[in-house]
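[1] predicted coordinates and the sequence they were generated for:
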Amino acid sequence: MTSYKQLLSSVRTFVFDVDGVMTTGNVLLMPDGDMLRSMNVKDGYAIQLAVRKGYRIVIITGGNSQSVHLRFAGLGVEDIYLGVGNKLEVFQQFLQQTGIDPQNILYMGDDIPDYKPMTLVGVPVCPSDAAEEIKTVSRYISSCRGGEGCVRDVIEQVMKVQGTWFNDDGFHW
């Protein structure tokens, strides 16, 4: 069986859920119906660096907040799917449109809606506080909880294995 670290050498695309991965999953409900989320700035740094280095970042989330779209667009992410009811369907459409080999994808999810697409990728991973069902299909469980650096953890690992982390161009945004 191929080791987890060996799998990282072929990753060119990252797919991330938002709530429970990029956030703790706790939200503040505003009177206008919007939900306020808190995101980890180290995750943000790793995302924008990965984009600048040519990795593809994909966001697939059930949430439908303009602030979430603005956050990821501001980091250079182009593939942002909000308000997704069926993640498997959207993921399969993404694969069909792009022709990306799912074996070259790292997918980080935390709960049941992520389960099926995670079974299709080369590197399924999750935060330490993911649902038990998600942990069973993950090749790696981050030591970090959702919203507490798990995204940085996996991006940094991939880039270190591929020799693209901590180069001269990483010292600026």
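    Nice, thanks for sending it over.

[2] check the spacing between residue 89 and residue 101 real quick.
    Distance of residue 89 to residue 101, computed by CB to CB, to the nearest Å: 19 Å. Quick note: C-beta positions are derived from backbone N, CA and C, even for glycine.

[3] again, but for residue 83
    Here residue 83 is placed at a distance of 27 Å from residue 101 (CB to CB).

[4] any stretches of the chain with poor pLDDT?
    Across the chain, the ranges flagged by pLDDT under 70 are 1, 170-173.

[5] first-to-last residue distance for stretch 15-32?
    With CA to CA, to the nearest Å as the measure, stretch 15-32 spans 30 Å from end to end.

[6] buried residues, it. List them.
    15, 16, 17, 18, 19, 20, 21, 22, 23, 24, 25 (16 or more other CB atoms under 10 Å).

[7] so how far is residue 63 from residue 50?
    Distance, residue 50 to residue 63, using CB to CB: 21 Å.

[8] okay, these two: which has more neighbours?
    Comparing residue 50 with residue 63 by other CB atoms under 10 Å, the one with more neighbours is residue 50, at 25 against 19.

[9] what's the spacing between the more buried one and residue 43?
    11 Å.
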